[in-house]
Structure formats: C-alpha cells, structure tokens
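Asks: can you look at this prediction? I've put the sequence above it.
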Amino acid sequence: MMQLTRRRSLQLITAASVLAAFPRLAAALEREAGGYYRTGSGVRVKHVGPFTAKVYAISHYMRELPPTKSKPAVIAMDTDKSLSWRLLRDLEAKQIRDALRDGYAMNGYTDRAKIDQLLGAFTKGPPENTLITITYSSTSKSTTIAVAGDGTATIPGIDFMRGTWSIWLGKIDQPELGDALIQRIPDTPKVGG
C-alpha cells in the first residue's frame, strides 16, 4: 500500500511539474501585436517531374479561433482573417493567375467576375520577396488582396472569402500545407475567452 501511495505521489508531482512548465495549453496560442492569432505557417512547393521548387512562404492569421480545429471550420468562420505570403522566387503574373484560377476551379468556386477582379491585382511578374496579402473583413464582408509593388482589389461576399480560403484549406495538391496553416490552433476550444 505504501508503494502505491509513493507511485501516486510521483505521478502527481510529475503532473504538477508539467502543468507548471506549460500553463493552460489552450492559452499556448497568444494574440500577436495586431490582435490576430497566427494559426500556422508553411511553404508552397511545386513538383515538376523529379524536381521540387519552393514557391512562397505563407502564414495564416485569425482574429478569433474556430470552435473546432479543422480546415472546414477555418474556411467557414466569418471572422477577420488573413493569408500573407512572401515569394521565394521570381514568378510571372500569368503563373500566379493560372494557379489561383485552378485553385478556385478545384474547389468548385465559379463566380468568374469576382475571380477576375482578384486576379486583376497581378499586372506584372512579381519578383522574389514580394509580399502578397489576402485579408477578409467580417465587418464589410469583403476580401482584399494587396500585391506589394503592383495592384489591389476588394471583392464583396462571404462566398468569395470561403472560395478563396478553400484554395489553401480545401482541395489542394499539397494538403500538408493546409494542415500547417492550422497547426497552431488548439485541439480543444479556448474556454473563457
């Protein structure tokens, strides 16, 4: 009986040490200076035959976290959110436009006028290190793209936001990228705000 009590005591001491080292696992994801949570980051790669090329580094941010950790929950959630990508190589505007157009088609989003409006932000080939942001405002229900050194566009509608977020978090030829973009969201919802 004494040995069982010692074992239990060691388990409790170990558990207390872990909790002291990692207070509130759900609180491990803290808001950044701008009031957003960075939910994850990854690198978009393109496979061409036996070769792999890194295309851009991308991070995802949300003002509020979804009730469950899932890509569909992030796509559907009507909260301020942003995708920020930095090119890791020079690209032609047509390459980006074609890739985004393919992403919308793969995910079943077909409003050509809205898609063309977003793609219009790419008028010239962006060089390596160009920053591209896609931001959704839940207040205005609009998605804005800004391509550093090039164009911007603002497109209305929750449908367009969901279609756009599906490019990275829906059907994609690199599903692990979507997983990386939500990796930091806690497995259980945050309790008490």
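Replies: Sure, I can see it.
Asks: so after the helix or strand harbouring Q117, what's the next helix or strand?
Replies: Assessed by DSSP states H and E, Q117 sits inside helix 112-119. Where DSSP H and E defines the elements, the next helix or strand beyond helix 112-119 is strand 131-137.
Asks: give the buried residues for that next one.
Replies: I132, T133, I134, T135, Y136, S137 (16 or more other CB atoms under 10 Å). For the C-beta atoms, the positions are set from N, CA and C on the backbone; glycine is no exception.
Asks: and for stretch 73-82?
Replies: V74, I75, M77, D80, K81, S82.
Asks: what residues does stretch 144-158 touch?
Replies: Stretch 144-158 is contacted by residues 78, 114, 117-118, 120-124, 126, 130-137, 140-143 when judged by CB atoms under 8 Å, 6 or more residues apart in numbering.
Asks: show me where pLDDT drops low in this structure?
Replies: Applying pLDDT under 70 to the chain flags the ranges 1-28, 188-193.
Asks: taking the centroid of it, which residue is nearest it?
Replies: H60 (3.1 Å; CA atoms, centre = their mean).
Asks: could you list every residue that touches that one?
Replies: By CB under 8 Å, 6+ apart, the contact set of H60 is R38, T39, G40, S41, V74, K81, S82, L83, S84, W168, L181, I182.
Asks: sort out for me which of those are in helices.
Replies: Cross-referencing those against helices under DSSP state H gives V74, W168, L181.
Asks: got TSV for those residues, with distance to R89 too?
Replies: What follows is those, written out as TSV (distance: CB to CB, whole Å):
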residue	distance to R89
V74	27
W168	18
L181	20
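Asks: helices of the chain, residue ranges please.
Replies: Under DSSP H, the chain gives helices at 2-21, 71-76, 93-106, 112-119, 158-169, 175-181.
Asks: deepest-packed of those, please.
Replies: helix 158-169 (a mean of 22; mean count of other CB atoms under 10 Å).
Asks: now do that helix against strand 131-137, angle only.
Replies: Orientation check (axes from the mean of the first three to the mean of the last three CA atoms, to 10 degrees): helix 158-169 against strand 131-137 gives 140 degrees.
Asks: can you tell me who the residue nearest to the centre of the chain pairs with across the strands?
Replies: When assigned by DSSP bridges, H60 has beta-bridge partners G40, L83.
Asks: ok, back up a step: of the buried residues of stretch 73-82, closest to R31?
Replies: D80 (12.0 Å; CB to CB).
Asks: let me see the contact set for that closest one.
Replies: Y36, M62, R63, E64, T135, Y136, S137, S138, T139.
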